[in-house]
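K.L.:
here is the input, now give the coordinates:
(one chain, ligands or ions: 1)
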Amino acid sequence: IRDQSIERTKTVCTYCGVGCSFEVWTKERHILKIEPTHGPANGVSTCIKGKFSWDHINSDERLTTPLIREGDRFRPASWEEALSLIARKFTETREKYGPDALAFIASSKCTNEDSWLMQKLARAVIGTNNVDNCSRYCQSPATMGLWRTVGYGGDSGSITDLEQAGLVIGIGTNTAESHPVLATRVKRAHKLRGQRLIVADLREHEMAQRADLFVQPKPATDFVWLTAVTKFILDEGLEDKAFISQWVNDLDEYRQSIERYTLAYAEEVTGIPEATLRQIAQEIVQADGTCIMWAMGVTQQCGGSETSTAISNLLLVTGNYMRPGAGSYPLRGHNNVQGASDMGAMPAFVGGYQKVDDPEVRAKFEAKWGAPLPTTKGLDNHEMVHAVHDGTLRVMYLKGEEMAIVDSNVNYVDEAFEKLDFFVVQDIFFTRTAQFADVVLPASPSLEKDGTFTNTERRIQRLYKALDPLGDSKPDWEIIQMVANALGADWNYRHPSEIMDEIASLVPLYAGVNYERLEGFKSLQWPVLPDGSDTPLLFTEGFPFPDGKARLYPAEFIPPLEVATAEYDLHFNNGRMLEHFHEGNMTFKSPGVSSKVPGTFVEVSPELAAERGLESGRFVRLVSRHGAIRVPVVVTSRVQGKQLYMPMNTQDAHQAVNRLTGSHTDLSTHTPAYKDTAVRMEIL
Ligand code: SF4
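P.N.:
Predicted coordinates:
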């Protein structure tokens, strides 16, 4: 007999860019179970996080009321008092120093509607383009590489299309841990359908162990082997001539730019033997469709944009676009990396990647919003930190981002936060970042609000409120609306669906999106035309350039800025672990998960362990040019030689990976070069 007090609510997982759907069973505030259902991205499964990591919802540590700093302490405050203080400080700063003395950080953990209002607050209410989101920390270089070559920054096909590829190549992606359900599709196609799998990575993770061919290039050299393989294919006349002739520009210029990337040069730089590179080239040209997946092992380097460009160049030369089972898959980390950027929470673009310096674009938004828009590009996350140190940025409003753990060089970030005149942090917990705040606003997690997320394959899906907000917490969009109105705006959104209607009216990529078309498990992949037809395969009739042709973009190898030396003799790699999400503010609060993986560790190769007399469990001190941490060792053959690997997931700031990373970035996008880090190891 069905218990009538049990509610079943459809929602979307918040833990990665795959965007698995499921129903959450609740009774009052108790979460009884998560039931994976036939979501378009996941079929019928979830991973451990999606299934079991929801205890944070009812955690005693949830913020349930606004907090205001008094000296070294915080006291509870009413919403009226907190909003009044924020409005006064924002207004004073804008009047005294101008609108660009304020900055806003949206979150790729939050909904599209939350991000939309954050950038609207920055632009239409304050008058600054100083707005960004945490995709700056991960996939901006992939987007840059795709913009240069094929015009759109998203996955070129659907997750399900991966199963149709004859060959899947994974580069710098620990897919089985970072995008588990997507990895399941590749594993299934590999095992059951004979799909070929090539993995290039520093670390022998699960996908590498399953691969038909696993290569371990030297750190930050993927660009070189990719470009050498492309050159070899062209030199041997193995390119897809018909595809290039019809759909690709700039072949001659591109060929000239890659002259020096011979197989011999690539072997010298990357360490991958020439014969292996030849084999990779043959595998690609012989495969019935090649998909390349890549993630932060590529993007979080000084040359992340260049390597992403090289990936797309290789796909173009071999005709691997414009059909299912072929194309580019830059795997988005957070659940709404794609959406937060689509919404224009970026300093150079309003929604849908429309440029802020385009007068026609601004006029369209100004007419709708009834306010003038700032005309020049604002600061990105990375530039904001420097601007606080310089004294030109004085106030920040940040939501849903544990910046004091996940930004690179957190010692430098800490110093910046100390210098701010006024800092507002909006989150579901009193995070480490919140400790630097002047006002902390209590937000609601995904199970307590309606909205939409856009996953890695550009798929827009609805989430539905399963529980009422805890205490006096509120959905982010409601809080931002309250802040805007306290500053004199007159916003009257009653539901996120009304925000989406506004988005659809201003953003061509979302033109046909509305909540009715997303009802239940229905979803849409952008671009969505006004009639509601969507685009599972991104390129079908050419590319979004004036002549419809893609562009081969000239090659430029950018070596890492920080390399191993006699003093810092070990390369320090870092990434995610399966069981935890990001800094772990949410997943470490689920005892069933955190008891299995209670903390972080550093992986050390057996040969390095033997050389230094180390065994698993021993604590070491890792020291970089930027800071030091103390962490236990796990000896494993997943890493080799002088490579170290450490998961970024920790709540202990003293063990944060980013005590070690520096402020150097991808040169084109300012994504931190987390992976270009050298350390020394001291045995404790
Ligand atoms: Fe799916 Fe990713 Fe959530 Fe796992 S973490 S359930 S793969 S969306």
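
K.L.:
so who does the residue in the stretch 551-684 of the chain positioned nearest to the ligand touch?
P.N.:
Residue nearest to the ligand within the stretch 551-684 of the chain (CB to the nearest ligand atom): Phe581, separated by 7.1 Å. In short, each C-beta sits where N, CA and C put it, glycine included. Neighbour list for Phe581: Thr14, Tyr15, Cys16, Lys49, Ser53, Thr587, Asn649 [criterion: CB atoms under 8 Å, 6 or more residues apart in numbering].

K.L.:
give me the subset of these lying in helices.
P.N.:
Using DSSP state H, the members of the contacts of Phe581 that fall in helices are Lys49.

K.L.:
now, which of the contacts of Phe581 lie close to the ligand?
P.N.:
Filtering those for proximity to the ligand (criterion: CB under 6 Å from any ligand atom) leaves Tyr15, Cys16, Lys49.

K.L.:
can you give me phi and psi for the closest residue to the last one other than its chain neighbours?
P.N.:
This points to Lys49. Setting aside the residues directly before and after it, Lys49 is nearest to Tyr15 in space (CB to CB, 6 or more residues apart in numbering), at 4.2 Å. Main-chain dihedrals, Tyr15, degrees, to the nearest 10: phi -100, psi -10.

K.L.:
count of neighbours near Tyr15?
P.N.:
Residues lying near Tyr15 (other CB atoms under 10 Å) number 24.

K.L.:
distance of Met403 relative to Arg432?
P.N.:
Relative to Arg432, Met403 is positioned 9 Å away (CB to CB, to the nearest Å).

K.L.:
now stretch 354-364: buried residues?
P.N.:
Gln354, Val356, Val361, Arg362, Lys364 (16 or more other CB atoms under 10 Å).

K.L.:
which residues sit against that stretch?
P.N.:
With CB under 8 Å, 6+ apart as the test, stretch 354-364 has contacts from 123, 129, 344, 347-350, 373-378, 506-507.

K.L.:
export it to CSV, keeping only CA atoms.
P.N.:
Taking C-alpha atoms only, stretch 354-364 is exported to CSV below (Å, rounded to 0.1, in the frame of the first residue of the first chain):
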residue,chain,number,x,y,z
GLN,A,354,26.6,38.1,-27.3
LYS,A,355,29.4,40.7,-27.0
VAL,A,356,29.1,43.5,-24.5
ASP,A,357,31.0,45.9,-26.8
ASP,A,358,28.4,45.4,-29.6
PRO,A,359,26.1,48.4,-29.6
GLU,A,360,23.2,46.4,-31.2
VAL,A,361,23.4,43.8,-28.5
ARG,A,362,23.5,46.4,-25.8
ALA,A,363,20.5,48.3,-27.3
LYS,A,364,18.5,45.1,-27.3
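
K.L.:
please enumerate the strands of the stretch 51-200 of the chain.
P.N.:
Remark: strands assigned in the stretch 51-200 of the chain by DSSP state E, counting those that start in this stretch are 67-70, 73-76, 102-105, 131-132, 167-171, 196-200.

K.L.:
return the most buried member of those.
P.N.:
Neighbour counts (mean count of other CB atoms under 10 Å) averaged over each of the strands of the stretch 51-200 of the chain peak at strand 131-132, with a mean of 30.

K.L.:
which elements pack onto that one?
P.N.:
Using 3 or more CB pairs under 8 Å, 6 or more residues apart in numbering; DSSP states H and E, the elements in contact with strand 131-132 are strand 102-105.

K.L.:
which outside residues touch the strand it packs on?
P.N.:
The set of residues external to strand 102-105 that reach it, using CB under 8 Å, 6+ apart, is 90, 93-94, 118-119, 121-122, 126, 128, 130-134, 378-379, 381, 384, 387, 393-399, 401, 403.

K.L.:
tell me the residues of this protein that contact the ligand?
P.N.:
Within the chain, the positions lying close to the ligand (CB under 6 Å from any ligand atom) are 13, 15-16, 18-20, 42, 46-47, 49-50, 179-181.

K.L.:
closest to Leu420 among those?
P.N.:
Of all the residues of the chain next to the ligand, Leu420 sits closest to Tyr15, with 30.1 Å by CB to CB.

K.L.:
which among the contacts of stretch 354-364 end up buried?
P.N.:
Arg123, Asn129, Gly344, Pro347, Phe349, Val350, Leu373, Pro374, Lys377, Gly378, Leu506, Val507.

K.L.:
now the first one: closest residue in space, sequence neighbours ignored.
P.N.:
Excluding the flanking residues, the one nearest Arg123 by CB to CB, 6+ apart is Leu373, at 5.3 Å.

K.L.:
isn't that neighbour right up against Gly344?
P.N.:
No: counting by CB atoms under 8 Å, Leu373 stays clear of Gly344, with 10.8 Å between them.

K.L.:
got any residues that touch both of these two?
P.N.:
Residues touching both Leu373 and Gly344 (CB under 8 Å, 6+ apart): Val350.

K.L.:
may I have the secondary structure class of Val229?
P.N.:
Three-state assignment for Val229 (DSSP: H, G, I helix; E, B strand; the rest coil): helix.

K.L.:
I figured it hits Ile280, correct?
P.N.:
Yes: between Val229 and Ile280 there is a contact under CB under 8 Å: 5.4 Å.

K.L.:
in the stretch 401-550 of the chain, what residue lies closest to the ligand?
P.N.:
Closest to the ligand within the stretch 401-550 of the chain is Asn455: 7.7 Å, counting by CB to the nearest ligand atom.

K.L.:
count the neighbours of the closest residue to that residue other than its chain neighbours for me.
P.N.:
Spatially, and ignoring its direct neighbours in sequence, Asn455 is nearest to Gly19 (2.9 Å; CB to CB, 6+ apart). Counted with other CB under 10 Å, residues neighbouring Gly19 total 31.

K.L.:
in a markdown table: the contacts of Phe581, plus pLDDT.
P.N.:
What follows is the contacts of Phe581, written out as a markdown table (pLDDT from 0 to 100):
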| residue | pLDDT |
| --- | --- |
| Thr14 | 92 |
| Tyr15 | 93 |
| Cys16 | 93 |
| Lys49 | 91 |
| Ser53 | 92 |
| Thr587 | 90 |
| Asn649 | 87 |
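
K.L.:
can you turn the buried part of the contacts of Phe581 into a ChimeraX selection?
P.N.:
Here is the ChimeraX selection string for the buried members of those, based on 16+ other CB under 10 Å:
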select :14,15,16,49,53,587,649
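
K.L.:
before we move on, the earlier item: pull the most distant pair out of the contacts of stretch 354-364.
P.N.:
Farthest pair in the contacts of stretch 354-364 (CB to CB) is Thr376 and Val507. Separation: 21.1 Å.

K.L.:
ok, longest helix in this structure?
P.N.:
Longest helix in the chain by number of residues, with DSSP H as the criterion: helix 79-97.
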